[in-house]
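Trainee: Sequence isn't available, so here's the structure alone:
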């Protein structure tokens, strides 16, 4: 039996139930299959496993490139599910533009072989927030502006942003008509602005979880990892970025000053209206609070309060 982190096991059980338990029992075999398939050596799990098995490894270079020389890669194995399929399709469509490259995959088995980014510094590790935001905009422009519109039937291969926000309709039934730990005025404001946000522009393919821990340094510049592959108005892409890096306890004054500065930079770099940027920041924060209702929605709720005061 593999020595897997308890949190990882709990996450898999919670997300996938009996199918997840079966997958965990077969994980050593799956790792062996993927290793044999791609000639992997030195497979070492990353320390922060969450909902997929992810490991550093080395792989032979493609045929015709320096025989005997190996390259550093990332092996990712997940329980086959629509989100994993959406990630694979997004990596294929982005094709290394603003994001790490997908080297090979087997969607039915849940196997991904991914380019390992060097030096791999997380954007969150940079000290100056203006620099972090400008750097994020460099990567975002490649992802959002470079990808362009995604038309039918291609849209059906990805997660729909509208489906995520439909989840907010479950809040009042959960609390007998109330809104629980999410202030009613914040939820009502998001409900009021969502139609305008979704009517804003053409449908595009987004990363969907674009934030400081998913943007890494590489020899090709700063690139995103782990795209969700989400279809919707591209303004949503700034939501996770505005909310991260998560800090506890929150200094509300500093957070507001930082948020206002980020809005200025995003407006300058992306050409989007302040109202739109603030609206997506608020909407994502409330959505994040909804996702965290069974845990602790305190941080995204407080962030939403602050975003609601921005002009």
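Mentor: Sure, I can see it. Keep in mind it's a predicted model, so treat the numbers as computed, not measured. Residues are numbered from 1 along each chain as shown.

Trainee: Tell me the buried residues in stretch 39-59?
Mentor: Under the neighbour-count criterion of 16 or more other C-beta atoms under 10 Å, stretch 39-59 has 40, 43, 45, 49, 51, 52, 53, 54, 55, 56, 57, 59 buried. Bear in mind the C-beta positions are built from the backbone N, C-alpha and C, glycine included.

Trainee: Let me see the ranges of the strands in the stretch 51-200 of the chain.
Mentor: Remark: strands assigned in the stretch 51-200 of the chain by DSSP state E, counting those that start in this stretch are 53-60, 70-77, 102-106, 111-115, 159-160.

Trainee: mind checking which of these is nearest residue 91?
Mentor: Smallest distance to residue 91 across these (C-beta to C-beta): 3.8 Å, for strand 102-106.

Trainee: For the closest one, buried residues please.
Mentor: The neighbour-count check on strand 102-106 (16+ other C-beta under 10 Å) flags 102, 103, 105, 106 as buried.

Trainee: quick one on the thing from earlier: would TSV of the strands of the stretch 51-200 of the chain with distance to residue 177 and mean pLDDT be doable?
Mentor: Formatted as TSV, those follow (distance: least, C-beta to C-beta, whole Å; pLDDT from 0 to 100):
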stretch	distance to residue 177	mean pLDDT
strand 53-60	42	95
strand 70-77	42	94
strand 102-106	46	96
strand 111-115	43	97
strand 159-160	27	95
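
Trainee: So which of the buried residues of strand 102-106 is the closest to residue 116?
Mentor: residue 103 (9.7 Å).

Trainee: mind listing what the closest residue to the closest one other than its chain neighbours touches?
Mentor: Closest residue to residue 103 apart from its sequence neighbours, by C-beta to C-beta, 6 or more residues apart in numbering: residue 113 at 4.5 Å. Listed by C-beta atoms under 8 Å, 6 or more residues apart in numbering, the contact set of residue 113 reads 34, 38, 59, 73, 74, 75, 76, 102, 103, 104, 105.

Trainee: Repeat the analysis, applying 6 Å as the threshold.
Mentor: 38, 73, 103, 104 (C-beta atoms under 6 Å, 6 or more residues apart in numbering).

Trainee: Could you check how far it is from residue 74?
Mentor: 8 Å (C-beta to C-beta, to the nearest Å).

Trainee: Show the pLDDT at the most centrally placed residue in the chain.
Mentor: Central residue of the chain (C-alpha atoms, centre = their mean): residue 209, 2.3 Å from the mean position. On the pLDDT scale, residue 209 is placed at 97.

Trainee: That one sits in which helix or strand?
Mentor: Of the helices and strands defined by DSSP states H and E, none includes residue 209.

Trainee: okay, residue 156: pLDDT?
Mentor: Value for residue 156, per-residue pLDDT: 81.

Trainee: and what of residue 174?
Mentor: Residue 174 is assigned a predicted lDDT (pLDDT) of 96.

Trainee: Please determine how far it is located from residue 303.
Mentor: 21 Å.

Trainee: The two: which has the busier surroundings?
Mentor: residue 303 (27 against 12; other C-beta atoms under 10 Å).

Trainee: circling back to that earlier point, next, give phi and psi for the residue nearest to the centre of the chain.
Mentor: Note on residue 209: backbone dihedrals following degrees, to the nearest 10 are phi -150, psi 50.

Trainee: try residue 222
Mentor: Taking degrees, to the nearest 10 as the convention, residue 222 sits at phi -80, psi 130.
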